[in-house]
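quick one, structure for this:
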Amino acid sequence: MYTAAQLNGGAQPGLPEEDAASPPPVARPTYPTTGGAAEAPRMAALRVIHASPDRAAASVDLYVDELPTAIATAVAYRSVTPAVELPAGAHAVHVRPAGAAVTAAPALTAQTPALEGDHRYTVIAHGLVGGAAPHALAVAADGDSSATPEAGTAHVRFFHAVVGLGAVDLCRPATPARPAAAGQPARPAAPAAAVVENVAYGAFASAERDGQTSHYLPVPAGAAITLQIRADAARPCAGPLRGTVTLTPADQSVVTAVAVGRVTAPAAPRALLVCPDAVTDGAPSCTPVAIR
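Numbers count the residues shown, from 1 in each chain. The predicted structure follows:
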């Protein structure tokens with residue numbers, strides 16, 4: 001794990017605080033029953049982050065399976081829905097323009113993985129309506145972490161949804177050499193170094209942690225962290241700079257950070273949406289941090 005000094009960075013507003021105990025999801029769609037005294041199915045919780053910069057999908061309604069009622073309406077770009085409870089198992093997610101009839105053809109229908117009961121999941125809708133691969137409208141799903149970070153750290157899950165931008169490395173910036181001064185030893189120059197490498201568009205960053213591959217990266221909390229987004233190259237962090245972002249994770253927070261925007265015409269501003277994985281009260285929200 002990198003230290004705050006290694007990761008470097010200037011001051012930025014802190015990220016939203018997060019309570020370790022997630023509240024129960026706020027909605028449960030009604031599925032048809034066949035009667036009888038069958039045991040109630042185990043439920044999973046699912047939320048959706050709208051990360052598509054396409055103006056044709058600026059506001060959407062979300063449906064699951066063949067239920068006639070939307071699980072979320074008028075979901076705006078760069079927003080997150082409240083968690084909804086669904087029976088364990090795989091589900092079809094239908095995306096329609098806001099206000100469209102339930103009988104209208106969806107702009108996208110995608111299948112979730114098999115959801116496990118008593119687990120929480122995040123689905124990220126990204127790409128362009130009618131776009132070509134890999135930037136066609138699509139969804140990606142991932143199970144949320146239930147682990148509490150150690151004191152002084154935060155867990156951040158990064159997802160690449162910047163349309164028109166290929167695979168990227170997340171890097172701590174290079175630092176110049178510093179001569180010795182009063183009370184300060186000399187510091188040698190250090191090149192940019194990868195926090196995580198080769199994150200493809202439409203994918204979560206991943207790293208080895210405790211012998212297993214995880215989408216959550218442990219980072220120092222309570223201090224500003226500056227990260228460079230660089231085009232993936234043969235040598236990590238040697239590719240062209242695509243942007244810089246600075247954030248300050250709250251201590252023991254668990255967040256999903258989604259890089260959004262569009263570099264092809266019509267361009268859309270790039271930002272890192274920081275979405276707490278647990279919400280304590282009020283409507284859930286994501287905090288946009290500019291990528292400069």
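
so, low pLDDT: which residues of the protein?
1-28, 30-39, 279-281 (pLDDT under 70).

pop the domain breakdown of it in here.
1-20+149-179+186-292, 24-29+40-147 (automatic domain parsing).

just give me how far the first one sits from the chain centre.
Pointing back at domain 1-20+149-179+186-292 there. The chain centre lies 10 Å from the centre of domain 1-20+149-179+186-292; the measure is Cα atoms, centre = their mean, to the nearest Å.

next: the last one.
Relative to the mean C-alpha coordinate of its chain, domain 24-29+40-147 is positioned 14 Å out (Cα atoms, centre = their mean).

would you say residue 194 is within a strand?
Yes: per DSSP: H, G, I helix; E, B strand; the rest coil, residue 194 lies within a strand segment.

tell me the contacts of it?
169-171, 236-237 (Cβ atoms under 8 Å, 6 or more residues apart in numbering). (Glycine included, C-beta is placed from N, CA and C.)

now, the residues you listed that are in helices?
Taking DSSP state H, every one of those sits outside helices.

just name the closest of these to residue 222, please.
When the contacts of residue 194 are compared for distance to residue 222 (Cβ to Cβ), residue 170 comes out closest, at 19.7 Å.

hang on, the earlier thing: make CSV out of the contacts of residue 194 and add distance to residue 62 and neighbour count.
Formatted as CSV, the contacts of residue 194 follow (distance: Cβ to Cβ, whole Å; neighbours: other Cβ atoms under 10 Å):
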residue, distance to residue 62, neighbour count
169, 33, 26
170, 29, 23
171, 35, 25
236, 37, 19
237, 37, 22
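
may I ask which two of these are separated the most?
170 and 236 (10.0 Å).

for the stretch 51-200 of the chain, what spans make up the strands?
59-64, 72-76, 84-87, 92-97, 108-111, 120-126, 138-143, 153-160, 168-172, 193-199 (DSSP state E, counting those that start in this stretch).

how far off strand 153-160 does the helix or strand where residue 227 lies point, in degrees?
Following DSSP states H and E, one finds residue 227 within strand 225-231. Using axes from the mean of the first three to the mean of the last three Cα atoms, to 10 degrees, the inter-axis angle of strand 225-231 relative to strand 153-160 is 20 degrees.

can you name the residues in contact with strand 225-231?
So strand 225-231 is in contact with 4, 7-10, 165-173, 192, 195, 219, 237-249, 259, 291, going by Cβ under 8 Å, 6+ apart.

now list the buried members of the residues you listed.
4, 7-9, 165-166, 168-173, 192, 195, 219, 237, 239, 242-249, 259, 291 (16 or more other Cβ atoms under 10 Å).

what does residue 130 show for phi and psi?
phi 70, psi 10 (degrees, to the nearest 10).

likewise for the one 4 residues further on?
In terms of degrees, to the nearest 10, the main-chain angles of residue 134 are phi -90, psi 10.

report how many residues lie close to it.
By other Cβ atoms under 10 Å, 13 other residues sit near residue 134.

what of residue 150?
13.

from residue 211, how far off is it?
17 Å (Cβ to Cβ, to the nearest Å).

same question for residue 97.
45 Å.

of these two, which one has the most company?
Shown here are residue 97 and residue 211; by other Cβ under 10 Å, residue 97 has more neighbours (15 against 5).

for that one, which non-adjacent residue is closest in space?
Leaving aside its sequence neighbours, residue 97 sits nearest to residue 60 (Cβ to Cβ, 6 or more residues apart in numbering; 6.2 Å).

what segments of this structure are helices?
All helices of the chain, identified by DSSP H, fall at 4-7.

give me phi/psi at whatever residue is furthest in space from the centre of it?
In the chain, the residue that sits farthest from the middle, by Cα atoms, centre = their mean, is residue 182; the gap is 43.8 Å. Main-chain dihedrals, residue 182, degrees, to the nearest 10: phi -60, psi 120.

what about the residue lying closest to residue 141 once chain neighbours are set aside, neighbour count?
Spatial nearest neighbour of residue 141, excluding adjacent residues (Cβ to Cβ, 6+ apart): residue 123 at 4.7 Å. Residues near residue 123, counting by other Cβ under 10 Å, number 20.

kindly report the same for residue 265.
By the measure other Cβ under 10 Å, the count of residues near residue 265 is 7.
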